[in-house]
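Q: Make a model of this:
(2 chains)
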Amino acid sequence: MRSIRLVLHEFKYTQKVFWRNPASVFFTALLPVIFLLIFATIFGDEKIESLGNIPTTTYYIPAIVTLAVVSATMVSLAMNLTIAREAGLLKRGRGTPLPPWVFIAGRVGNAIVISVLMVVVITLIGKILYDAPIPFDRLPALLVTLVIGAASFCCLGIAMTAIIPSREAAPAITNLITLPLYFLSGIFIPESEIPDGVLSFANHFPIRDFFEAFFAAYSPNTVGAGFEWGDLLVVGIWGIAGLLLAIRYFRWSPRN
Amino acid sequence: MPEPVISIQGLRKSYGELEAVRGIDLQVEPEEILAVLGPNGAGKTTTVEILEGYRDRDSGEVKVLGIDPAKPTRAWRERIGIVLQGTALETKLTVRESLELYAGYFSNPRPVDEVIGLVGLEDKVDARAGKLSGGQMRRLDVGIALIGDPELLFLDEPTTGFDPSARRQAWEMIAGLRDLGKTVLLTTHYMEEAQFLADRVAIINEGRIVAEDTPENLGDRDHLPTRITFRLPEGAGIEGLAGFEKITFDESGPEPGVLAVLESHDSVNDLNRLTGWAIENRIELSGLEVRRPSLEDVYLQVTEEKAGA
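A: Numbering: from 1, shown residues only, chains lettered A, B, ... in the order given. Next up, the predicted model:
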């Protein structure tokens, strides 16, 4: 009971800090929406033949949802935990009676709430502006994908802090990891434009699999419940690997 | 005798080849303010971080509030407050929010408003931590360390980088903690700070305690010579100055205008002789100054002696 209260306490202040930080609001909450509007404007009228003639705008909804969740979880945690570590805040927290896992749980909770919010916002924008269907029939698949993906990318974000030496290096390293994968995984460019060899390479990394699972949940052409267990398994394995690395290599004291 | 709050015996810690702490023995009694003083790299922070439970040690017996800090428990953490060497604040939270955040971690926190009063931030309650001045940030650091109403407070170089007036304000605040009955372990490299705040001072150099006493008695201060300084006058032979216990000249030797330093264990008589000599030769002793050894002198002497040895 006390632990739950503490997690909520930590979550409340993490939320305050998040919304007061212009960088986190812009990169996590606004940039995915801007990407959606840009891509929909550029490629909006086309249909994608190889994917059963779905409109490109419908394609971009799960693509940008993927980007938004990865950004709210992995990228945000990697950046914010590194910044907090280098500012001495993790060390200070360690010197209080607060159990260390509560400190992390409050921030993971924040990442998941922002992820859910972004899924709702992007899905609604898709419906209102581009008439992309809301996948009510495959809601369970969408939620399961979101939960497994958000949890896995949170673990990967916490693990990433171990290879980020300073707050200045944080944006460079996170971008170096995510941006190429967004291109190779069909997030920025429709996958019909990407060679098969590239796609099967990208399939080894969790962003592509996460996107495919979301795509199955969102696509009006999907037959059945839309669960992509194979893709979710890959995402989950990456997540567990991230968790183990985080437990082994996460540090509370500043490096500099 | 009550149990000491901190007791250390034979503490050692090395980082690879570097022996940061080379056998420290130290006790801190309840409600005492102890200053650990020493130059940078003397082993102050290593020692304090071992006591705070942040670092492990190579050897030695250590008890803090009856517990081995290498195995910190949650109940033990409730009883200590820590101000780290660097300011560590969430810049986007206000003063009140910062204190409320940390208050939530403790089972019996001190009321937030009371702490704001203790650290003198009443006018900045709703200001974001990132907008405070350096001195105000440091006071918020201390406030956060006090929020759990700890018995023992660690202050690691609380005023480094302050201007003199901010430092003076911080001292008044820390001195006020004495009335709360807290035990305080303070590290500093300012002699004046130790003198103003501490009941007892331990000087640490190259990983060892080289002197330990009250600020008044430290390093046998009463037995150190008084320093009488003056400018060597024009046209006066220095023959008259022979026979003093010890006289040294600045820079180039006994040239006119050079600062002469006379060290004396019998300052009343020596001063009488000196001024007698000046009157006799009709010379003015410009820049005449008589100074009892300061704690600073003791500190310099003690740290230099050991470094030279």
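
Q: drop to CA atoms for contacts and neighbour counts, all remaining ones
A: Noted.

Q: Name the SS class of the residue nearest to residue B:72 when sequence neighbours are not counted, please.
A: Nearest non-adjacent residue to residue B:72, counting by C-alpha to C-alpha, 6 or more residues apart in numbering or on different chains: residue B:53, 6.1 Å away. When classified by DSSP: H, G, I helix; E, B strand; the rest coil, residue B:53 comes out as coil.

Q: what's the neighbour count on residue B:53?
A: Neighbour count of residue B:53, defined by other C-alpha atoms under 10 Å in any protein chain shown: 19.

Q: what does the model give it for pLDDT?
A: Residue B:53 is assigned 95 on the pLDDT scale.

Q: Phi first, then psi, for it.
A: phi 90, psi 10 (degrees, to the nearest 10).

Q: residues in contact with it?
A: A:95, B:69, B:70, B:71, B:72 (C-alpha atoms under 8 Å, 6 or more residues apart in numbering or on different chains).

Q: Could you rerun that using 7 Å?
A: Applying C-alpha atoms under 7 Å, 6 or more residues apart in numbering or on different chains, we find residue B:53 in contact with B:69, B:70, B:72.

Q: Between those, which sits nearest chain A?
A: The closest of the contacts of residue B:53 to chain A turns out to be residue B:72 (C-alpha to the nearest C-alpha; 9.4 Å).

Q: if I look at the closest one, how far off is residue A:250?
A: With distances taken as C-alpha to C-alpha, to the nearest Å, residue B:72 is found 19 Å from residue A:250.

Q: Mind checking which of the contacts of residue B:53 are in strands?
A: Counting by DSSP state E, none of the members of the contacts of residue B:53 fall within strands.

Q: Tell me the first helix or strand C-terminal of the host helix or strand of residue A:78.
A: Remark: residue A:78 resides in helix A:76-86, with elements defined by DSSP states H and E. Remark: after helix A:76-86, the chain's next helix or strand is helix A:89-94, criterion DSSP H and E.

Q: which helices and strands does the helix or strand that comes right after that next one pack with?
A: Downstream of helix A:89-94, the first helix or strand assigned by DSSP H and E is helix A:100-130. Helices and strands touching helix A:100-130, by 3 or more C-alpha pairs under 7 Å, 6 or more residues apart in numbering or on different chains; DSSP states H and E, are helix A:2-20, helix A:56-70.

Q: 10 Å instead?
A: The helices and strands touching helix A:100-130, judged by 3 or more C-alpha pairs under 10 Å, 6 or more residues apart in numbering or on different chains; DSSP states H and E, are helix A:2-20, helix A:31-43, helix A:56-70, helix A:76-86, helix A:89-94, helix A:139-160.

Q: Please point out which parts of that helix sit buried.
A: A:102-119, A:122-127, A:130 (16 or more other C-alpha atoms under 10 Å in any protein chain shown).

Q: What of stretch A:129-136?
A: Going by 16+ other C-alpha under 10 Å, stretch A:129-136 has these buried residues: A:130, A:132, A:133, A:134, A:135.

Q: measure the residue in the stretch 151-300 of chain B positioned nearest to chain A to residue A:19 for me?
A: Closest contact between the stretch 151-300 of chain B and chain A, by C-alpha to the nearest C-alpha, is at residue B:154 (10.9 Å). Distance of residue B:154 to residue A:19, given as C-alpha to C-alpha: 33 Å.

Q: got it, and residue B:231?
A: 65 Å.

Q: Same drill for the two, tell me which one is more crowded.
A: Taking other C-alpha under 10 Å, residue B:231 and residue A:19 do not tie; residue B:231 has more neighbours (20 against 14).

Q: If we ignore the residues flanking it in sequence, what's nearest the more buried one?
A: Leaving aside its sequence neighbours, residue B:231 sits nearest to residue B:259 (C-alpha to C-alpha, 6+ apart; 4.5 Å).

Q: again with residue A:11
A: With sequence-adjacent residues excluded and distances taken as C-alpha to C-alpha, 6+ apart, residue A:11 is closest to residue A:106, at 4.2 Å.

Q: Next: residue A:135.
A: Among residues not flanking residue A:135 along the chain, residue A:218 sits closest, at 5.5 Å (C-alpha to C-alpha, 6+ apart).

Q: How about the contacts made by that neighbour?
A: Neighbouring residues of residue A:218 by C-alpha atoms under 10 Å, 6 or more residues apart in numbering or on different chains: A:58-59, A:61-63, A:123, A:132-139, A:141-142, A:212, A:226.

Q: In JSON lines: the buried residues of stretch A:129-136, plus pLDDT.
A: Below are these laid out as JSON lines (pLDDT from 0 to 100):
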{"residue": "A:130", "pLDDT": "93"}
{"residue": "A:132", "pLDDT": "93"}
{"residue": "A:133", "pLDDT": "93"}
{"residue": "A:134", "pLDDT": "95"}
{"residue": "A:135", "pLDDT": "95"}
